[in-house]
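# coords please:
(chains A and B)
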Number of protein chains: 2
Amino acid sequence: MKKWLAVSLLALWACQQTALAQQPYALVVHGGAGADPAQMEPEEIEGIKARITEVLSRGLDQLKSGQSALRVVENAVRDLEDDPWFNAGRGAALNSDGEAELDAAIMDGSNLHCAGVADVRRVKNPITLARWVMEKTPHVLLVGPGADRFGQESGLEIVNPEYFITERARRALRKKQGTVGCVALDRQGHLAAATSTGGLTNKRPGRVGDSPVIGAGTFADDRSCAVSGTGVGEEFIRHQVAGQISQRIRLTGVSLPESVRQTFADGLPDDVGGVIALNRKGEWVMHFNTVGMSRGVADSTGQFKVAIGKED
Amino acid sequence: MKKWLAVSLLALWACQQTALAQQPYALVVHGGAGADPAQMEPEEIEGIKARITEVLSRGLDQLKSGQSALRVVENAVRDLEDDPWFNAGRGAALNSDGEAELDAAIMDGSNLHCAGVADVRRVKNPITLARWVMEKTPHVLLVGPGADRFGQESGLEIVNPEYFITERARRALRKKQGTVGCVALDRQGHLAAATSTGGLTNKRPGRVGDSPVIGAGTFADDRSCAVSGTGVGEEFIRHQVAGQISQRIRLTGVSLPESVRQTFADGLPDDVGGVIALNRKGEWVMHFNTVGMSRGVADSTGQFKVAIGKED
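Numbers count the residues shown, from 1 in each chain, chains lettered A, B, ... in the order given. Okay, the predicted model is just below:
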């Protein structure tokens, strides 16, 4: 009898391993739309590509080892927040008062749990704050001093507002382009999305863009896709870009690339930005109507690609 | 020759008048979902019904005289903000610090211009602040101290935070139900939507609900409909309720009532709230899955209805 039990357990284990092996996994990352490689210093191009490559490698390892898409998108965005090359966390664009105000959101496609934070000034990693709001409060959008206070009460790492400000952002030689985002599909077949940004250079204090708004710059639903956007946030909110891409798939049955194409064609201005999107089959899209978008993809089929301009 | 000119102008004028006469106009108002007439004092029922009746009469007159839907929804919501019976402006629900933090949004269906404000503490009429953000800034969401500062710089009426706090809200004998909203169709055939709220009683400071989020609690598009929502804001954001009602009409061609029905059936919890919605033909919906929703409708066909409970 014991022998049969052992055989059964072994069969179950083998079956699960096969299922895991068959389930594709993937992650797509963006570092902001609008970047024009022709206008960038070689040092910047290399810095951005190297960091995206790093984030993809680490994320792919995490997915391979069975970590959840939710954890992987949070980690990826956290790494990009810590990197001053990107307009998120340290190195963020400064508002018209010369201060950094940070926005971020995260969403779990398996259960539609989600949260965004905006106008954050003291929590080192806004994406982690968003995850805490999602997990520890009944709310899905927390802003301003109340958001910082919640981060502090929750024991998240608090920094001086000066931490976010780099000499580069202060000089603001050109507009900071570089909202960051990540979408991932894990071996359990679940999707997640995360986005983080410093917003527009010289924005009015209190301005909130699309990144922290669920359905605008960030969305994930296992039944359709995960999306993270970058670009003119006002247009992404007005047209509910991330949510619309999901709705078109669910309501009309179009493919992921076709849904992204239709959404951009339906009233979005030229040069508005881009999105990364991914579905449960591991199909992905990196679409933008700007001159460039820092981006990369890595998946279980061995694909690994990093690019900035259109031709890359 | 002069005679012919006069006749032509007269004909043109008559033609325009006929067109105006044929174009239906209408407005729908809500004063919040969740109210149970069986649990309310007679004084409160009468107060709410009387104010909704007043707002409908005034709005109908304004529409009849040719005013824009945008102006009418702003005026209607402004009146309801000033009335302490409703959870918006004066009389708003208090957060866990015992303070009023106000959210509002407005949207013009003719051009998709829109804006929301959140965590407002000093501007007397948040709906007017939202309109100013829409008209005077490139932004569509402005929150916290930055939003109040913009209101002050713009010359809007500023009040002491105590102005919003009524003895009734302070006692908070029961949860304040009473987000307010209005959708209108004008004689030019344009739609608009506006929503304003104090949010949840005892909410965490900085919590933003669906009302100020375009596509969640507020949306208007001449091509589909205008919507204002009330209820558990987190679910309205997660499911992009107002935007989804519009998308279903545009993408699948269903009727307005069917789109509202499908949206509520697609994952929204029971007892979550309600919406008012209106299209260019003057068709309207007042739908809720709570025990009641303060509401009313008035239109150019002579219809005039005010109700709170299900049977009214």
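# How about the residues of the stretch 151-300 of chain A by chain B?
A:203-209, A:213-216, A:233-234, A:237-240, A:243-244, A:247-248, A:251-252, A:267 (C-beta under 8 Å from any C-beta of the partner chain). No exception for glycine: its C-beta is placed from N, CA and C like everyone else's.
# Can you select the buried ones among those residues for me in ChimeraX?
In ChimeraX, this line selects whichever of these come out buried by 16 or more other C-beta atoms under 10 Å in any protein chain shown:
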select /A:203,204,205,206,207,208,209,213,214,215,216,233,234,237,238,239,240,243,244,247,248,251
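# Mind telling me what element whichever residue of the stretch 51-200 of chain A sits closest to chain B is part of?
Of all residues in the stretch 51-200 of chain A, A:Gly146 sits closest to chain B, at 2.1 Å by C-beta to the nearest C-beta. Following DSSP states H and E, one finds A:Gly146 within helix A:144-153.
# who touches whichever helix or strand comes after that helix?
Next along the chain after helix A:144-153, taking DSSP H and E as the criterion, comes helix A:167-171. Outside helix A:167-171, the residues that touch it by C-beta atoms under 8 Å, 6 or more residues apart in numbering or on different chains are A:84, A:91-94, A:98, A:100, A:176, A:198.
# May I have helix A:167-171 exported as CSV, CA atoms only?
Written as CSV, here are the backbone C-alpha positions of helix A:167-171 (Å, rounded to 0.1, in the frame of the first residue of the first chain):
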residue,chain,number,x,y,z
GLU,A,167,22.1,67.0,-10.1
ARG,A,168,21.0,65.8,-13.5
ALA,A,169,17.3,66.2,-12.7
ARG,A,170,18.0,69.6,-11.2
ARG,A,171,19.8,70.9,-14.3
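# elements contacting whichever helix or strand comes after it?
Next helix or strand after helix A:167-171 toward the C-terminus (DSSP H and E): strand A:180-185. Applying 3 or more C-beta pairs under 8 Å, 6 or more residues apart in numbering or on different chains; DSSP states H and E, we find strand A:180-185 packed against strand A:26-33, helix A:42-64, helix A:69-82, strand A:191-197, strand A:225-231, strand A:273-278.
# Could you check the angle the fourth one makes with strand A:273-278?
Between strand A:191-197 and strand A:273-278, the angle formed by their directions is 150 degrees, by axes from the mean of the first three to the mean of the last three C-alpha atoms, to 10 degrees.
# now swap in the fifth one and tell me
Angle between the axes of strand A:225-231 and strand A:273-278 is 160 degrees (criterion: the same axes, to 10 degrees).
# can I assume A:His287 sits in a strand?
Yes: assessed by DSSP: H, G, I helix; E, B strand; the rest coil, A:His287 belongs to a strand.
# what about it, neighbour count?
19 (other C-beta atoms under 10 Å in any protein chain shown).
# hang on, the earlier thing: ok, and the closest non-adjacent residue to the residue of the stretch 51-200 of chain A closest to chain B?
Once flanking residues are discounted, A:Gly146 sits nearest to B:Gly206: 2.1 Å by C-beta to C-beta, 6 or more residues apart in numbering or on different chains.
# Same question for A:Leu94.
Nearest one to A:Leu94, counting by C-beta to C-beta, 6+ apart, is A:Ala169 at 5.5 Å.
# Let me know how buried the one you found is, in neighbour terms.
21.
# Then A:Arg121?
Counted with other C-beta under 10 Å, residues neighbouring A:Arg121 total 17.
# any chance you could map the strands in the stretch 201-312 of chain A?
A:218-221, A:225-231, A:273-278, A:284-288, A:292-299, A:304-309 (DSSP state E, counting those that start in this stretch).
# List the contacts of the helix holding A:Gly146.
So helix A:144-153 is contacted by A:117-123, A:129, A:132-133, A:137, A:142, A:158, A:206, B:119, B:143-145, B:204-207 (C-beta under 8 Å, 6+ apart).
# And the nearest residue to A:Ala307 once chain neighbours are set aside, how far from B:Val254?
Spatial nearest neighbour of A:Ala307, chain neighbours left out: A:Arg295 (5.9 Å); criterion: C-beta to C-beta, 6+ apart. Applying C-beta to C-beta, to the nearest Å, the value for A:Arg295 to B:Val254 is 36 Å.
# before we move on, what about A:His239?
20 Å.
# In the stretch 201-312 of chain A, which residue sits closest to chain B?
Taking C-beta to the nearest C-beta, the stretch 201-312 of chain A has A:Gly206 as its residue nearest chain B, at 2.1 Å.
# Wait, that residue touches A:Asp103, no?
No: applying C-beta atoms under 8 Å, one finds A:Gly206 not in contact with A:Asp103, separated by 11.2 Å.
# list the residues that contact both of the two?
Joint contacts of A:Gly206 and A:Asp103 (C-beta under 8 Å, 6+ apart) are A:Asp119.
# returning to that earlier point: wait, isn't the residue nearest to A:Gly146 in contact with A:Val143?
Yes: using C-beta under 8 Å, B:Gly206 is in contact with A:Val143, at 5.0 Å.
# Mutual contacts of those two, please.
Joint contacts of B:Gly206 and A:Val143 (C-beta under 8 Å, 6+ apart) are B:119, B:144.
# circling back to that earlier point, now for the strands of the stretch 201-312 of chain A, which one comes closest to A:Gln23?
strand A:292-299 (11.6 Å; C-beta to C-beta).
# which residues are in contact with the closest one?
By C-beta under 8 Å, 6+ apart, the list of residues contacting strand A:292-299 reads A:24-37, A:48-49, A:52-53, A:55-57, A:59-60, A:178, A:230, A:273-274, A:276, A:282, A:284, A:286, A:303-310.
# Check these for burial and list the buried ones.
For the contacts of strand A:292-299, buried by 16+ other C-beta under 10 Å: A:24-35, A:37, A:48-49, A:52-53, A:55-56, A:59-60, A:178, A:230, A:273-274, A:276, A:282, A:284, A:286, A:305-308.
# Good, wrapping up.
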